[in-house]
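Trainee: Below are the sequence and a predicted model; questions follow.
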Amino acid sequence: MSHFEIKAVNSYGEFVLKRIKARNAEEAVNKVKLSGFFPLGLSTMDAAEESSSSKSRREESTLGKKFFLLLTYFQGISKKDIVSFTRKLRIFIQANIPVYQSLNILQTQTKKRRFVKLIHYLAENVASGKSLAESLTRYPKYFHKLYIGLIHAGEASGNLSEVLTRLENYLETTLKRKSKLISASLYPSIVIIMTFGIISLLNIFIIPKFKKAYQSLQIELPQITTIVLSVSTWLSAHWYVMVLIPMAIFVTLKMIRLSRYGRYMTDYSVLIVPLIGLIIRKSNLSLFYRTNATLLQSGVMILDSLRMSASVIRNVVINKEIELVSRGVYEGKTMNEMMKRGWLFDSFAIHMVEVGETSGMLHEMLEETSDVYDEELDVLYKRLESLLEPFIIIILAGIVGTVIISLYMPMVKLTQTLGNIK
């Protein structure tokens, strides 16, 4: 006979750990099922291991627990947490565990205090008779209208597990797209930070020494050296300006975007920037097509899917074009017909939508279009990196080179003068 340790869920949805003595794993699992528990995982252990394991658990440090809780208390809820929550909920629903019990299991498996409170609230609401979609509306910061709408559609149709599967795939795809954008901007950001760091080090440690040496020699300095030393002196006295200028620009842009006209103009300005504007347009349209495909596949009507898809687009210029399409569809026109009237949609996307509407496979065509856009975005990200890399290096080399040359020019001139005297 062997000893088995089985993770299971009881009838109240509570996570428990059962230790069973059986001849094999199958017999252990059957014993747990007959006891009214739902097994989730199994591991073997002999009697010595069992006693040592129990002893070690009893000897866990209370201080360590408190320290861990302190660390997790201030942790926020990230998009990765929402993806993980959706995935685990989908697994439990597919295993025919009720929503309330699934939420209770998730509550025991979650480490972040804020997320535990959120899931606890959801479980209480579901236990009181409210739907999961209705309970999620309290947390719009973490669960967008799209998320809530899909959950509502899944609960209404009785296909919550299928909807959760589509929602999980959608969230993972959008998260990957965001991580690619972050990685594409990571290298330029690091180089820019290094540039400011090198300039600061030169200004703090190198330039003052040269300035002191030249003042003691009382020699006539070249104009470029005078300019560099003057700039260094000014920056040393007004260093806070270098911090205030970026902050002022950021605050000014935020203030401009508070008005509808200001936000429209800033979003439009970004779209007309070469390459960057193309990346923003394609990334937003890819998100729009994939969101629409996910909603339509989950049984949401076309008008509702267009409205909900528009809500996930942050660029107001693109959002306005999508709203025009939605308005036309509401008036009885086809989606591809309204797309042809605007400037935003290219011929490939229009043709794919037209084929989808004609064949009744609109969600598949929209998903294919989004996949094509994602592939094009990968190429554009690499092109942006290849363009920014030499540009930033040239600027960095120009700044540092100018400072170094300007500092050593008087020394070269002095050496030449002394050589001529000899």
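Mentor: Perfect, thanks for sending it. This structure is a prediction, so every number in the text was calculated from the model and none was measured.

Trainee: contacting residues for the closest residue to V325 other than its chain neighbours?
Mentor: On the basis of Cβ to Cβ, 6 or more residues apart in numbering, the spatially nearest residue to V325 that is not a chain neighbour turns out to be M338, at 4.3 Å. Every residue, glycine included, has its C-beta placed from N, CA and C. Neighbour list for M338: L324, V325, R327, G328, V329 [criterion: Cβ atoms under 8 Å, 6 or more residues apart in numbering].

Trainee: confidence score at M338?
Mentor: M338 carries a pLDDT score of 91 in this model.

Trainee: any idea which helix or strand carries it?
Mentor: M338 belongs to helix 335-341 when elements are defined using DSSP states H and E.

Trainee: and S309, how many neighbours?
Mentor: For S309, the number of neighbouring residues by other Cβ atoms under 10 Å comes to 26.

Trainee: gap between it and L150?
Mentor: Taken as Cβ to Cβ, to the nearest Å, the spacing of S309 relative to L150 amounts to 12 Å.

Trainee: anything in contact with each of the two?
Mentor: Taking Cβ under 8 Å, 6+ apart as the contact rule, the neighbours common to S309 and L150 are L295.

Trainee: State the phi and psi torsions of H3.
Mentor: Taking degrees, to the nearest 10, you get phi -100, psi 130 for the backbone angles of H3.

Trainee: meant to ask about I20
Mentor: Per-residue torsions, I20: phi -120, psi 140 (degrees, to the nearest 10).

Trainee: in the stretch 1-150 of the chain, which spans are strands?
Mentor: In the stretch 1-150 of the chain, strands defined by DSSP state E, counting those that start in this stretch lie at 2-9, 15-22, 38-45, listed in chain order.

Trainee: so the first one versus strand 15-22, what angle?
Mentor: To tie it back to what came earlier, the one meant is strand 2-9. Going by axes from the mean of the first three to the mean of the last three Cα atoms, to 10 degrees, strand 2-9 is angled at 150 degrees with respect to strand 15-22.

Trainee: State the mean pLDDT of strand 2-9.
Mentor: 74.

Trainee: Please compute how far it lies from its chain's middle.
Mentor: 37 Å (Cα atoms, centre = their mean, to the nearest Å).

Trainee: could you say what helices and strands that strand packs with?
Mentor: Packed against strand 2-9 by the contact rule (3 or more Cβ pairs under 8 Å, 6 or more residues apart in numbering; DSSP states H and E) you find strand 15-22, helix 25-34, strand 38-45, helix 47-58.

Trainee: most neighbours, which of the contacts of M338?
Mentor: That'd be V325 among the contacts of M338, by other Cβ under 10 Å, with 25 neighbours.

Trainee: thinking again about what came up before, just send the contacts of M338 back as JSON lines, with secondary structure and distance to S157 too.
Mentor: Converted to JSON lines, the contacts of M338 look like this (DSSP: H, G, I helix; E, B strand; the rest coil; distance: Cβ to Cβ, whole Å):
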{"residue": "L324", "secondary structure": "helix", "distance to S157": "30"}
{"residue": "V325", "secondary structure": "helix", "distance to S157": "26"}
{"residue": "R327", "secondary structure": "helix", "distance to S157": "27"}
{"residue": "G328", "secondary structure": "helix", "distance to S157": "28"}
{"residue": "V329", "secondary structure": "helix", "distance to S157": "22"}
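
Trainee: Which of these sits closest to E376?
Mentor: Distance to E376, by Cβ to Cβ, is smallest for V325 among these, at 21.2 Å.
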